[in-house]
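Peer 1: Fold the following for me, if possible:
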Amino acid sequence: NFQSAVVFPTKISTEQQSLMLVKRLLAVAVSCITYLRGIFPESAYGTRYMDDVCVKILREDKNCPGSTQLVKWMLGCYDALQKKYFNNDWIFFFLQTITECYHFKFKYTHNGPLLDFSSKNKMNDSTITCADTKKASILLIRKIYVLMQNLSPLPNDVCLTMKLFYYDEVTPPDYQPPGFKEGECEGMIFEGEPMYLNVGEVPTPFHMLKVKVTTEKQRMENVDKSILKHGETNVPLQMLRVDRDDPE
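Peer 2: Here you go, the predicted model:
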């Protein structure tokens with residue numbers, strides 16, 4: 001259920017438990033971003049709880065086709081994640097060019113809980129506890145809230161789209177998740193000077209979710225510099241590369 005609350009188990013002992021948690025965390029993160037960036041009206045969201053943190057969750061609203069479409073895309077993401085094909089999920093806000101980008105990167109293995117994710121926190125799978133996952137999850141959502149509330153507003157007529165990238169070695173060549181069609185793997189023109197921010201990462205014994213944001217440098221003027229200290233990169237690139245080999 002896309003609108004389920006995030007409930008942290010006392011122990012994440014199976015891949016299915018981990019998968020369920022990652023799915024719900026992705027739903028919360030995407031919902032928080034679109035809610036706080038003012039993409040959809042209040043009626044397109046329900047209220048849920050992640051531990052003691054109140055969060056907004058997108059729902060299918062007959063009066064808001066955009067939110068219904070995004071929920072369908074998210075369910076397509078779930079399908080790819082379940083099948084272990086999923087590598088990257090990019091959400092773009094754009095006019096003629098990209099103005100803001102949210103990058104969700106996933107890592108998982110096919111042979112049990114062996115993380116090969118490059119992390120500043122050198123924590124191997126045997127040391128990842130449910131408490132670690134819970135703490136990282138809540139911190140990620142809180143950092144998203146802080147960042148979204150400090151970014152300058154998006155243009156009124158901004159559009160939203162989503163791109164998925166897969167692991168070629170395991171994904172059938174004709175596979176497309178529900179709601180998606182085959183597209184080109186290409187760079188996209190970014191509006192203004194981009195600034196890159198590593199928002200956070202959430203480990204479980206079976207998965208890793210990492211979230212990055214790219215936005216116009218101008219929108220970052222009012223952001224508290226303390227939230228930028230981890231991963232700020234100020235590189236004046238006009239072409240935003242979006243591919244499965246994105247550096248970690």
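Peer 1: For the most centrally placed residue in the chain, which residues count as its bridge partners?
Peer 2: For the chain, the residue sitting closest to the mean C-alpha position, by C-alpha atoms, centre = their mean, is F104 at 3.5 Å. Assessed by DSSP bridges, F104 has beta-bridge partners D89, V211.
Peer 1: Surely I33 is in contact with C101?
Peer 2: No - taking C-beta atoms under 8 Å as the definition, I33 is not a contact partner of C101, at 11.0 Å. Glycine gets a C-beta too; all of them are placed from N, C-alpha and C.
Peer 1: between those two, what contacts are shared?
Peer 2: Residues touching both I33 and C101 by C-beta atoms under 8 Å, 6 or more residues apart in numbering: I91.
Peer 1: Please work out how many residues are found near E182.
Peer 2: 8 (other C-beta atoms under 10 Å).
Peer 1: What of L164?
Peer 2: 22.
Peer 1: Return the residues in contact with the closest residue to it other than its chain neighbours.
Peer 2: Closest residue to L164 apart from its sequence neighbours, by C-beta to C-beta, 6 or more residues apart in numbering: D89 at 5.6 Å. D89 is in contact with L26, C77, H103, F104, K105, F106, M162, K163, L164, F165, counting by C-beta under 8 Å, 6+ apart.
Peer 1: can you map out the helices along this protein?
Peer 2: 15-36, 65-82, 130-150 (DSSP state H).
Peer 1: okay, those helices in a markdown table with distance to K56, mean pLDDT and mean neighbour count next?
Peer 2: As requested, the helices of the chain are arranged in a markdown table below (distance: least, C-beta to C-beta, whole Å; pLDDT from 0 to 100; neighbours: other C-beta atoms under 10 Å):
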| stretch | distance to K56 | mean pLDDT | mean neighbour count |
| --- | --- | --- | --- |
| helix 15-36 | 4 | 91 | 21 |
| helix 65-82 | 11 | 90 | 18 |
| helix 130-150 | 10 | 90 | 18 |
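Peer 1: what's the closest of these to P178?
Peer 2: Nearest of the helices of the chain to P178, taken as C-beta to C-beta: helix 65-82 at 4.7 Å.
Peer 1: That closest one vs helix 15-36, what angle?
Peer 2: Helix 65-82 runs at 160 degrees relative to helix 15-36, counting by axes from the mean of the first three to the mean of the last three C-alpha atoms, to 10 degrees.
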